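Novice: kindly return the folded structure for what I paste below:
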Amino acid sequence: MFPRREQPLLAAEIVHQLPGRLRLSIRALRFLGAVADTIARHINRHQAVSEVTVTTLTANVLVFFDPELATQEDIRLFVESEVSAHALLAFKEERLARSRVTVSERRLQEEPVREIAVRVAVTSATLLFSWLRGASSAAGLPLLRRFTSMPALTAISLAAPILRSGWESLKVSRRPNADTLTSTAIVSSLLAGQDLSAVTIIWLADIAELLTAYTMDRTRNAIRDMLAVGEDEVWRLRADGSEEKVAVDELEPGDRVIAHTGVKISVDGVVESGTAAVDQASITGEFLPAQKRDGDQVFAGTVVTAGSLVIRAEKVGDATAVARIVHMVEEASHRKAAIQLAADRLSAQFIPVNFALAGLVLLITGSVTRALNMLIIDYSCGVRLSTATALSASICTAARAGILVKGGNYLEELDTADTLIFDKTGTMTEGEPVLTSIVPFEKLSERRLVELAAAAEEASTHPLAAAVMATVRRRGYRIPDHGTSQVHVALGMQTTVGRSVIRVGSRRFMTDNRVAVEVGDDAVTRLVAKGESVVYVARGRKLIGVLGVQDSLREDMKKALNRLRQCGVDDIILLTGDVEQHAEIVASRMAVDRYKAELLPEDKAEVVLRLQSRGVRVAMVGDGINDAPALAYADVGMALGGRRTDIAIEASDITIASDDPLMIPGTIRLARDTMAIVRQNFGIAIGVNTAALMSASLGVLPVFWGAVLHNATTVAVVLNSGRLLLHDVWKWR
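Specialist: Numbers count the residues shown, from 1 in each chain. Have a look, this model is predicted:
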């Protein structure tokens, strides 16, 4: 359950050294055969290096260099950096290699939920019928008759996929898998006449499979919904300038597509003509719509909030950015299974011990019953229960607090996480613009400035307008009578109050209408320094004030980060698709260790993979579509808040229903406590079963009392795990 941690993938360790000669071991080289020549060529460019040999089979680099031009440490660091340039490829190939090791495992996510549900129903009915009838042990029956009872026949018929998978794992990969463990327990139970035990084992295994298949089915549904990234039909421009309505599936790169206000863009491409405000929060995380004009890049899945664009398609269908997000989520979700299987592989190592003991006892004593006792008192059952019961209790406690944990293995991963990555918009911040600064000029009051701005913005659906209107409603201000509002796409709004023209919008909107904006430069500089987006307000040709709008920080987020550091999180990183300036201010206020801005979703995923390739255990907290790939690739992905998207929920491993950031350190504390109890349970299971096996092999412990002791271990493990159900939710929050 607790395997030794491997050498970090990209770490260069010195194997042998002589003056001018250095042999390094870098585990990543095993997975970089395709670029080995490139790596050697780049290393050879160092002025001190005279010869390089890269061997991917042994993951070694042999370097001959001039010791007068560089030290051994210089060479080691240089080689490490050259290999690190291929970190993403190495990490992906390593994951593929690990998945191939367990290729004989059944792909539970590919089995229909309905079929597994039928199997659960059959085993449940068998157990219920046997209990109502008053089941008795078949241990006293002849060997062949032990296989003819109703529970035994049910077990044999339903165990076929498990037995087949367990056998194929031994035959193909020459190592036991999770189904080998289950097969051993089923066969041993049937041989010992414990037919109901065999049915119970299958029942528990099918329930686990049902939960796995159901989760993956939900993920597929979310992915299927996400693939509808735009409209079913779009308007395409013909060569002669006329328009035609076509299905999205018919689009090809190079086509020109028209997107009007309210339309979801269906292609990745470049704006050929037109101007518009485009909400691209789903892709980049920016909380304000971006202004798009000739030459700008646009993405599928974003929405035109105002204006109209003619877009020349560059990528369509599965090649679009949002489709790539979906594929990355699905790919990472499949590979997650390798982490959970690590515990099964460790448990599987005990199987030869049981078989060896059974054979040895049979050889020495000639007693078949005593030999079977060696198989009934198995380690694998105890090892599994030592973790499963504690994790189940922990998941139940988390659920009571509004935290959905999709699997116990994620609590195990969260216990070892030392780096936490946060998204900005909607995670560290509220994700909604708020009017935070009001700076009037011309001896105007703050109230009057906001009221005049509201007169122009009342008819607008822009997020900045929503911030102004929210302030008006909250403070009870009165919007003055005004004329018809005019929308200037991606620039601002204009109306008349009395005989005056009121304009609200960008600096360019003001200068285009010959409004002198220099009078507000000092105020604007102060607002920008605070990370606020500036809205200019003019009456006629005079600037009468500026408003500062900001995506407010989430309440208690700073306190949550402080508690995370107390929990042992060493590195807190901010990743966002928002602009550099906004990211820098949030990073400074939250005192995070570092940040990266203006990232696309695949960029966030790449940051996660690079960290993992260096041996870092990464947890990611996000809420949007743009976070989904990083959430999926992280060791633990956490979706936070009531406004999180469906795809983020499906991609994440832990979903926190509330907007309370203090739940994040609370969840980590729960994971820490859970794994402490898991370790206790692990010791109990191994210790008691070892004593039972030794006693049974010596004939001191009869089969009956061996079963009693074995089950008593289970009871002890369950009771110890039950302590997690008594956790005070608000205490660990």
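Novice: can you give me how far the longest helix seen in the chain is from the chain middle?
Specialist: Using DSSP state H, we find that the single longest helix of the chain is helix 663-697. On the basis of CA atoms, centre = their mean, to the nearest Å, helix 663-697 sits 27 Å off its chain's mean C-alpha point.
Novice: pLDDT of it, averaged?
Specialist: Averaging pLDDT along helix 663-697 gives 83.
Novice: average pLDDT for stretch 591-603?
Specialist: Stretch 591-603 shows a mean pLDDT of 86.
Novice: so how far does it reach from one end to the other?
Specialist: For stretch 591-603, the first-to-last residue distance is 23 Å (CA to CA, to the nearest Å).
Novice: for stretch 78-91, same thing?
Specialist: Distance between the two ends of stretch 78-91: 20 Å, counting by CA to CA.
Novice: buried ones in that stretch, by neighbour count?
Specialist: 78-80, 82-84, 86-87, 89-91 (16 or more other CB atoms under 10 Å). C-betas here are computed from N, CA, C, even on glycine.
Novice: okay, who's weakest in the residues you listed by pLDDT?
Specialist: pLDDT across those is lowest for Phe91, at 70.
Novice: does that one sit in a helix or strand, and which one?
Specialist: Phe91 is part of helix 87-101, with elements assigned from DSSP states H and E.
Novice: tell me the helix or strand right after that helix.
Specialist: Sequence order places helix 113-133 as the next helix or strand after helix 87-101, per DSSP H and E.
Novice: skip ahead from that next one and say which helix or strand is next.
Specialist: Criterion used, DSSP H and E; the element after helix 113-133 is helix 150-158.
Novice: what is that next one packed up against?
Specialist: If you count contacts as 3 or more CB pairs under 8 Å, 6 or more residues apart in numbering; DSSP states H and E, helix 150-158 packs onto helix 113-133, helix 178-191, helix 195-227.
Novice: show me what the first one is packed against.
Specialist: For helix 113-133, the helices and strands in contact under the criterion 3+ CB pairs under 8 Å, 6+ apart are helix 150-158, helix 195-227.
Novice: report the buried residues of the shortest one.
Specialist: So the one you mean is helix 150-158. Across helix 150-158, burial judged by 16+ other CB under 10 Å covers 151-152, 154-156, 158.
Novice: what's the angle between that helix and helix 113-133?
Specialist: Per axes from the mean of the first three to the mean of the last three CA atoms, to 10 degrees, the angle that helix 150-158 makes with helix 113-133 is 170 degrees.
Novice: can I have helix 150-158 written out in PDB, keeping just the CAs?
Specialist: The C-alpha coordinates for helix 150-158 follow below in PDB (Å, rounded to 0.1, in the frame of the first residue of the first chain):
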ATOM      1  CA  MET A 150     -27.400 -22.700  -5.400                       C
ATOM      2  CA  PRO A 151     -24.900 -20.100  -3.900                       C
ATOM      3  CA  ALA A 152     -21.900 -22.100  -5.400                       C
ATOM      4  CA  LEU A 153     -23.500 -22.300  -8.800                       C
ATOM      5  CA  THR A 154     -24.300 -18.600  -8.700                       C
ATOM      6  CA  ALA A 155     -20.800 -17.800  -7.700                       C
ATOM      7  CA  ILE A 156     -19.300 -20.000 -10.500                       C
ATOM      8  CA  SER A 157     -21.600 -18.500 -13.200                       C
ATOM      9  CA  LEU A 158     -20.900 -14.800 -12.200                       C
END
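Novice: now Leu631, nearest residue through space, not along the chain?
Specialist: For Leu631, ignoring the flanking residues on the chain, the nearest one in space by CB to CB, 6 or more residues apart in numbering is Gly637 at 3.2 Å.
Novice: that neighbour: what's it in contact with?
Specialist: By CB atoms under 8 Å, 6 or more residues apart in numbering, Gly637 lies in contact with 619-620, 622, 630-631, 651-654.
Novice: confirm Leu449 sits in a strand?
Specialist: No - assigned with DSSP: H, G, I helix; E, B strand; the rest coil, Leu449 falls outside any strand and is helix.
Novice: count the neighbours of it for me.
Specialist: By the criterion of other CB atoms under 10 Å, Leu449 has 21 neighbours.
Novice: now do the same contact list for it.
Specialist: 438, 440, 537, 544-545, 547.
Novice: among those residues, which one lies nearest to Leu29?
Specialist: Closest approach to Leu29 among the contacts of Leu449 (CB to CB): Leu547, at 56.7 Å.
Novice: give the contact list for the closest one.
Specialist: Neighbours of Leu547 in contact, by CB under 8 Å, 6+ apart: 435, 437-439, 449-450, 453, 468, 534-535, 537.
Novice: what pLDDT does it get?
Specialist: pLDDT for Leu547: 94.
Novice: now do the host helix or strand of it: distance to the chain's middle.
Specialist: Assigning secondary structure by DSSP H and E places Leu547 in strand 542-553. Put simply, strand 542-553 sits 36 Å off its chain's centre (CA atoms, centre = their mean).
Novice: buried sites along that strand?
Specialist: By neighbour count with 16+ other CB under 10 Å, strand 542-553 contains the buried residues 543-551, 553.
Novice: output that strand as CSV, nothing but the C-alphas.
Specialist: C-alpha atoms of strand 542-553 as CSV (Å, rounded to 0.1, in the frame of the first residue of the first chain):
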residue,chain,number,x,y,z
LYS,A,542,-16.0,66.4,-20.4
LEU,A,543,-14.8,63.5,-18.3
ILE,A,544,-16.8,63.6,-15.1
GLY,A,545,-15.4,60.5,-13.4
VAL,A,546,-13.9,57.0,-13.6
LEU,A,547,-15.1,53.8,-12.1
GLY,A,548,-12.9,50.9,-11.0
VAL,A,549,-14.3,47.3,-11.4
GLN,A,550,-12.6,44.3,-10.0
ASP,A,551,-13.2,40.6,-9.6
SER,A,552,-13.3,40.5,-5.8
LEU,A,553,-11.2,38.0,-3.8
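Novice: rewinding a little: which of the contacts of Leu449 lies closest to Gly520?
Specialist: Gly545 (7.7 Å).
Novice: could you find the closest non-adjacent residue to Leu69?
Specialist: Ala48 (3.7 Å).
Novice: how many neighbouring residues does that neighbour have?
Specialist: Counted by other CB under 10 Å, the residues lying close to Ala48 total 17.
Novice: for the nearest residue to Glu446 once chain neighbours are set aside, phi and psi?
Specialist: Spatial nearest neighbour of Glu446, excluding adjacent residues (CB to CB, 6+ apart): Ile438 at 4.4 Å. The phi/psi pair for Ile438 (degrees, to the nearest 10) reads phi -130, psi 110.
Novice: how about the contacts made by Ile438?
Specialist: 446, 449-450, 545, 547-548.
Novice: re earlier: least reliable of the helices and strands packed on helix 113-133 going by mean pLDDT?
Specialist: The bottom spot among those, by mean pLDDT, belongs to helix 195-227, with a mean of 61.
Novice: what lies in contact with the very next helix or strand once past it?
Specialist: Next in sequence after helix 195-227, counting helices and strands by DSSP H and E, comes strand 233-237. Surrounding strand 233-237, the residues in contact under the criterion CB under 8 Å, 6+ apart are 243-248, 251, 255-259, 266, 310.
Novice: list just the nearest of the residues you listed to Leu191.
Specialist: Closest approach to Leu191 among the contacts of strand 233-237 (CB to CB): Val248, at 59.7 Å.
Novice: which residue packs closest to the closest one, ignoring adjacent ones?
Specialist: What sits nearest to Val248 in space, not counting adjacent residues and going by CB to CB, 6+ apart, is Ser266, at 5.0 Å.
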